[in-house]
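A.B. asks: model the structure of this input:
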Amino acid sequence: MGKEFIELFEQWADTYDDTVTGHDIEYKEVFNHYERILTEVASKSIGHVLEFGPGTGNLTERLLAHGHSVTAVEPSPSMRKIAQEKLQDRAEVLDGDFLNYPSDKEIYTIVSSYAFHHLTDDEKAIAVASYGNLLRESGKIVFADTMYESVEAYEQAITDAKEKGFYNLAEDLEREYYTTIPVLRNIMESNGFSVSFERMNDFVWIMEGTKL
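C.D. replies: Okay, the predicted model is just below:
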């Protein structure tokens, strides 16, 4: 469930906030409009929020600023420590992942930013089925992540990165489990969600699903 990438995030934890603010030229477009993306996710959320992959707590802070209570689940110990120090006692930051999470609270919205691609498509389907059982009618899933309109668009993104000399980005795109909007739409609708997609930059879309 994405645990194969924990070591990567252990190494990235101390510089993650610098990357999202555009200091890494290879990932500058990936994180273009980063603050707006977080704000959009927070503004689309309702009630108590379950957040997957909070990293250093940037989206968590935005959710709190919008008046939400948050339970955040982060598998990387280093990321989790930074988030806990940043957030103090304003939100729970617990060990877990997209399929291993506390379910003892009533959850109205499930959110994530820049993390759902750590699951294979089969794992994504298992996760969404689990969330469908957790959420009541009108409950929401709001995920911001890199995704593509087609397999061809995904392959072109890898080619473009290599042509620009962005070999770390190209390796990232090839190594992790980036998927397409048609695949995600099918997963969401098959599990009883209406779903829409909003493009935020050349890489990232916001997927907003509401349980029917």
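
A.B. asks: for the spatially most central residue of the chain, name its beta-bridge partners.
C.D. replies: For the chain, the residue nearest the mean C-alpha position is Ser113 (2.7 Å; C-alpha atoms, centre = their mean). Judged by DSSP bridges, the bridge partners of Ser113 are Ala144.

A.B. asks: and the next element down the chain from the least confident helix or strand in the chain by mean pLDDT?
C.D. replies: In the chain, the helix or strand scored least confidently by mean pLDDT, DSSP states H and E is helix 6-12, which has a mean of 63. Heading C-terminal from helix 6-12, the first helix or strand you meet, by DSSP states H and E, is helix 16-20.

A.B. asks: contact partners of that next one?
C.D. replies: Contacts to helix 16-20, defined as C-beta atoms under 8 Å, 6 or more residues apart in numbering, come from residues Phe9, Trp12, Asp24, Tyr27, Phe31, Tyr34, Gly55, Thr56, Asn58, Met79, Ile82. To be clear about C-beta, it is placed using only N, CA and C from the backbone, and glycine gets the same treatment.

A.B. asks: for it, the averaged confidence score.
C.D. replies: On average, the pLDDT along helix 16-20 is 74.

A.B. asks: elements contacting the helix or strand that comes right after it?
C.D. replies: Beyond helix 16-20 on the C-terminal side, the first helix or strand identified by DSSP H and E is helix 34-44. Other helices and strands packing on helix 34-44, by 3 or more C-beta pairs under 8 Å, 6 or more residues apart in numbering; DSSP states H and E, are helix 58-65, strand 109-113, strand 140-146, strand 204-211.

A.B. asks: packing partners for the third one?
C.D. replies: In terms of contacts (3+ C-beta pairs under 8 Å, 6+ apart), strand 140-146 is packed against helix 34-44, strand 109-113, strand 204-211.

A.B. asks: got the buried residues for the longest one?
C.D. replies: Spelled out, it's helix 34-44. Tyr34, Ile37, Leu38, Glu40, Val41, Ala42, Lys44 (16 or more other C-beta atoms under 10 Å).
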